[in-house]
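# What shape does this take:
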Amino acid sequence: MSEKLLTVTALRRTIQLFALVFFVYGAYIFNTFYTGDKLTQALPALSCAYDMKGGDYCALIPLQHQIDHRVSGVFNGSVDIMGGIMPTAITLATVALLVLVLSKAFCGWMCPLGFFQELVNMIGKKLGFNQTQTLSLEATKKFTIAKWAILLLLVLIFPLLTGLGFLSHAWGSPYCSICPSRILTTLLTGDASQVYVSTAGASYFALSLIADMLFGLMIALALFVRQPFCRICPILPLQSVFKKIGLLRLVKNNSSHCEGCGQCVKACPMDIHALCNSVEKPKNITLTDCTLCARCVEFCPHEGVLSVKYAPLTLFGSSKEYFKKRVKIEKWWVK
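Numbers count the residues shown, from 1 in each chain. Coordinates of the predicted model:
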């Protein structure tokens, strides 16, 4: 039994559990019950600012507010350039710094919303639901486009148009208004105030209704499909802007030993088909959809083809021996 628990996935889920406790209940530990006093202020992980008990909050909410109230002021002349741009630059620099240190591992190893979806999917598997193993390449391309569209429209463009007076105040932080993490993390602290339908106006009504529906849809889909909301989450493309500076990365080595068996794609919760692509020399394949969960490395049957590296140091590489062990454990788990 103990050997079955000694896997990269088991380690990752243990870290996810501790991260969930910190991000959702961190204020209980550090006695900082107000958003302005949060320990780290903003991290590229989905710990919601609406959770008054959390240990930090997501970088997307200050980014939307700064574009709404500051950046828009540069365009209409109410704010000087430095006063308008500097807060947003600091927020993006925070994201860049943390991507430098941990790259996209925030999504695969620390995000409470990602962990919740994994748990729901595990429940679906245990209940015997007919789950979709791998989505088609065409479907994953559409989800990638959707992620970028959500980042550009809901996080950047709509808040800017709100600040310029073209949209109502409801669109100042539209992504946070519909984000499932806002409902999940507050519910985990016993606060049900974010599950509501607003009557403050047409825009507020629409956004609150979408939020409730999206949260329910995410849970329903997670029973059958791996990581449904992660496929459209704007955190991934935001991190991808800085991915080339990340010290932690997924690397594919000379793939002459790669037989294109597809085990890596089958294992990947984001269904990244490009994992099977041939490379002539070691290449960073930490793509937009990658969360650095390392499952592809675990289930690659070829020696040293895939690896997770931190700068020049190899943290974990694919091997025949580990693959055989991992397949046995997976069969045991499914059974």
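# Give me the nearest residue to Leu217, chain neighbours excluded.
Of all residues beyond its chain neighbours, the one nearest Leu217 is Pro228 (7.8 Å), with distances taken as CB to CB, 6 or more residues apart in numbering. Glycine gets a C-beta too; all of them are placed from N, C-alpha and C.
# The one you found: what's it in contact with?
Under the criterion of CB atoms under 8 Å, 6 or more residues apart in numbering, the neighbours of Pro228 are 117, 217-218, 221-222.
# Okay, and Phe316 sits in which element?
Using DSSP states H and E, Phe316 sits within strand 313-317.
# most surrounded residue in the contacts of Pro228?
Neighbours here are counted as other CB atoms under 10 Å. On that basis the top member of those is Gln117, with 25 neighbours.
# on that earlier part again, quickly name whichever of the contacts of Pro228 is closest to Asp80.
Met218 (41.5 Å; CB to CB).
# wait, isn't the closest one in contact with Gln117?
Yes. Between Met218 and Gln117 a contact is recorded at 7.0 Å, counting by CB atoms under 8 Å.
# surely Phe215 meets Leu187?
No. In this structure, Phe215 sits apart from Leu187 without contact. The criterion is CB under 8 Å, and the distance is 9.1 Å.
# re the thing from before, hey, what's in contact with both of Met218 and Gln117?
Common contact partners of Met218 and Gln117 (CB under 8 Å, 6+ apart): 228-229.
# need the helices for the stretch 201-335 of the chain, in chain order.
Using DSSP state H, counting those that start in this stretch, the helices assigned to the stretch 201-335 of the chain run over residues 202-222, 235-240, 263-267, 295-298, 320-334.
# Go through those helices and name the closest to Val155.
When the helices of the stretch 201-335 of the chain are compared by CB to CB, helix 235-240 sits nearest Val155, at 7.6 Å.
# For the contacts of Pro228, which two are the farthest from each other?
The distance between the two most remote of the contacts of Pro228 (CB to CB) is 11.9 Å, for Gln117 and Leu217.
# Could I get the pLDDT score of the closest residue to His257 other than its chain neighbours?
Nearest in space to His257, with sequence neighbours left out and distances taken as CB to CB, 6+ apart, is His302 at 4.7 Å. Confidence at His302, expressed as pLDDT, is 90.
# coming back round to it: any common contacting residues for Phe215 and Leu187?
With contacts defined as CB under 8 Å, 6+ apart, the residues adjacent to both Phe215 and Leu187 are Val195.
# ok now stretch 142-154, how far from the chain's centre?
Taking CA atoms, centre = their mean, to the nearest Å, the mean C-alpha location of stretch 142-154 is offset from the chain mean by 13 Å.
# So which bits of stretch 190-200 are buried?
Buried positions in stretch 190-200, judged by neighbour count with 16 or more other CB atoms under 10 Å: 194, 198.
# Kindly check the end-to-end length of it for me.
The separation between the terminal residues of stretch 190-200, taken as CA to CA, to the nearest Å, is 24 Å.
# Any regions of the stretch 151-300 of the chain where pLDDT drops low?
Low-confidence segments of the stretch 151-300 of the chain, defined by pLDDT under 70: 255-256.
# before we move on, the earlier item: pull the contacting residues for the residue nearest to His257.
257-259, 318, 320.
# ok, 10 Å please
253, 255-259, 261, 263-264, 318-320, 323 (CB atoms under 10 Å, 6 or more residues apart in numbering).
# Save the residues you listed as CSV, and put in distance to Gly83 too.
Putting those into CSV (distance: CB to CB, whole Å) gives the following:
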residue, distance to Gly83
Asn253, 48
Ser255, 51
Ser256, 56
His257, 56
Cys258, 52
Glu259, 57
Cys261, 56
Gln263, 53
Cys264, 48
Ser318, 50
Ser319, 54
Lys320, 59
Phe323, 55
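# Going by distance to Cys233, which of the residues you listed wins?
Nearest member of the contacts of His302 to Cys233, counting by CB to CB, is Cys264, at 21.7 Å.
# what number of residues lie near that closest one?
Other residues within reach of Cys264 by the criterion other CB under 10 Å amount to 27.
# OK, contacts around it?
Taking CB under 10 Å, 6+ apart as the definition of contact, the neighbours of Cys264 are 252, 258, 272-276, 285, 295-302, 305-306, 318.
# which ones among these are found in strands?
With strands defined by DSSP state E, the entries of those inside them are 252, 306.
# Any chance of a PyMOL selection covering the buried ones in the contacts of Cys264?
Those of these that meet the burial criterion (16+ other CB under 10 Å) are gathered into one PyMOL selection, given here:
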select buried, resi 252+258+272+273+275+276+285+295+296+297+298+299+300+301+302+305+306+318
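# Mind telling me which residue is nearest the centre of the protein?
The residue lying closest to the centre of the chain (CA atoms, centre = their mean) is Cys107, at 3.8 Å.
# ok so, going back, between Gln117 and Leu217, which contacts overlap?
Counting by CB under 10 Å, 6+ apart, the residues touching both Gln117 and Leu217 are 180, 228-229.
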